[in-house]
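**Student:** Okay, sequence plus prediction incoming.
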Amino acid sequence: MHLNKRLLKFFFVSNHIKKCSYAISLQGRRKSVRKSSIRAEVINEKSKLVILNYPNNPSGVVLSSQELVELANVIKRHDLYVLTDDVYNRLVYDQDLAPSIASVPDMKERTLVLNGLSKSHSMTGWRIGYLLGPECLIHELYKIHQTDVGCASSISQEAAMTALTVDRENPSEIVPIFRERRDYVLKRLDEIGISYIKPEGTFYVFANIEKFGMTSLDFVKFLIETVDLAVVHGSAFTEFGEGFIRISYAMDLSILKEALDRFQAAVGKLNNQKSLS
């Protein structure tokens, strides 16, 4: 999740809040989020904000409406605010739109929603997005935004308006393409013997490489040096991602086939090294 550093400073530093994170284990299979999953010790009198990113980058996990309700109950009990990054909310495979915590009763007034057109309309280079939230919060955020950013370029704004009006159904047209790519990548990973978290949204697979006894960064370096293939090491997503790599399938099938062939060759080399040792 990419956030303006000054925006983070507004929420965390100026309020003297200690930043902390807590991972909900999703290894191997998708697990439900329960109230007990949110440990009391990570919430204290200085806690002000919960940051969410669902559908999730890098895992592709989508929280269900019930899971969001349970999470919202904890948030309301501790009188917290929420910043939810919903940028992948239309790139989901089992529903038309991923549920947002902002839709949970009594959560709209304490939720800021980040979204944009980079993913839903493949407009990454246009650098255009938007923030939704209670008027009182938006008013305070604007004080920072107007001096730090000014505004998005006029041509990007015009393009965004076209995307949201003339081409608003673009996500429904590209999701079947991403589903086909996802299913191909998962099939190949099964054949290669690599476990993963099955993505319910986004265009990433978070694959488990712990069995090779390497850090995720070393594994990435090995792929680059041996088969000229680039993936993202899980530790790039904090220490909770260690032992995983993120594979993107935002490519044509022909490119994915070549990439998975190279990946299989690299894994074969590692397996041979392991058997000889």
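**Tutor:** Noted; the coordinates are in hand.

**Student:** Low-confidence ranges, the chain, go.
**Tutor:** 1-41, 277 (pLDDT under 70).

**Student:** any idea which residue sits dead centre in it?
**Tutor:** N57 (1.8 Å; Cα atoms, centre = their mean).

**Student:** What about I101, how many residues nearby?
**Tutor:** For I101, the neighbour count with other Cβ atoms under 10 Å is 24. The C-beta positions use only the backbone N, C-alpha and C, and glycine is treated the same way.

**Student:** Leaving out sequence neighbours, find the closest residue to it.
**Tutor:** L68 (4.8 Å; Cβ to Cβ, 6 or more residues apart in numbering).

**Student:** okay, now the one you found: neighbour count?
**Tutor:** Residues near L68, counting by other Cβ under 10 Å: 23.

**Student:** do the same with A230
**Tutor:** When neighbours are counted by other Cβ under 10 Å, A230 registers 9.

**Student:** Next, the contact list for it, please.
**Tutor:** A230 is in contact with 220, 223-224, counting by Cβ atoms under 8 Å, 6 or more residues apart in numbering.

**Student:** check which helix or strand covers L83.
**Tutor:** Take DSSP states H and E as the rule and L83 turns out to sit in strand 81-85.

**Student:** what packs against that strand?
**Tutor:** When contacts are defined as 3 or more Cβ pairs under 8 Å, 6 or more residues apart in numbering; DSSP states H and E, strand 81-85 packs onto strand 49-53, strand 111-116.

**Student:** can you put those in JSON lines and add distance to N271 and mean neighbour count?
**Tutor:** Shown next, in JSON lines, are the helices and strands packed on strand 81-85 (distance: least, Cβ to Cβ, whole Å; neighbours: other Cβ atoms under 10 Å):
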{"stretch": "strand 49-53", "distance to N271": "34", "mean neighbour count": "19"}
{"stretch": "strand 111-116", "distance to N271": "41", "mean neighbour count": "20"}
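
**Student:** CSV for those strands, including distance to K76?
**Tutor:** Putting those into CSV (distance: least, Cβ to Cβ, whole Å) gives the following:
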stretch, distance to K76
strand 49-53, 11
strand 111-116, 11
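
**Student:** Would you mind telling me which of those is nearest N170?
**Tutor:** Closest of those to N170 is strand 111-116, at 13.6 Å (criterion: Cβ to Cβ).
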